[in-house]
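S.K.: pasting a predicted model and its sequence here:
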Amino acid sequence: MALTKARTITLVVAVATLTSNTLSSILFHQLPDDPYHLASNFGFYLHFANILSVFGFIGALRQHALSISIFANYLLLDTILCAIPRFLILTLLNDLSPTICESPTQDTPASPLHNPPFTPPSSSSLPLPLFSTP
């Protein structure tokens, strides 16, 4: 029973990473090319990750320990490598949060979300017509 449950978990994780990497690589190829070729380079990494995800899928189907080990090592390395940019982005967002989430002051114009409610002008404040009608 434990072998079947572990095999099912490995199959689910392999299919999930294979699906995620495939969709991400398709979406990254839709991005415009930049001077550093980040989208195309990350697309190549995602294709490589797809190959390793196929190792995990086939290893789980055939109960091949080496293929599952290669897939597990890929997941561990990918988690460590992706954690570094995530922490950097979180640190950047934490530093920028006071400027992003700052409420408008009296000197700055109000944002569309915080405008006072609309009150129609009274008849005494309306301008006189330029042309009179007969």
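M.R.: Sure, I can see it.
S.K.: ranges for the helices of the protein?
M.R.: 2-28, 38-62, 65-100 (DSSP state H).
S.K.: mind putting these into CSV with mean pLDDT?
M.R.: CSV is the format used below for these (pLDDT from 0 to 100):
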stretch, mean pLDDT
helix 2-28, 88
helix 38-62, 91
helix 65-100, 88
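S.K.: single out the most deeply packed of those helices.
M.R.: helix 38-62 (a mean of 17; mean count of other CB atoms under 10 Å). Just so you know, the C-beta spots here come from the backbone N, C-alpha and C atoms, and that holds for glycine as well.
S.K.: gap between the residue nearest to the spatial centre of the chain and Asn94?
M.R.: Centroid-nearest residue in the chain, with CA atoms, centre = their mean: Ser24, separated by 10.1 Å. Between Ser24 and Asn94 the distance is 26 Å, computed by CB to CB, to the nearest Å.
S.K.: with Thr22 instead?
M.R.: Note on Thr22: its distance to Asn94, by CB to CB, is 33 Å.
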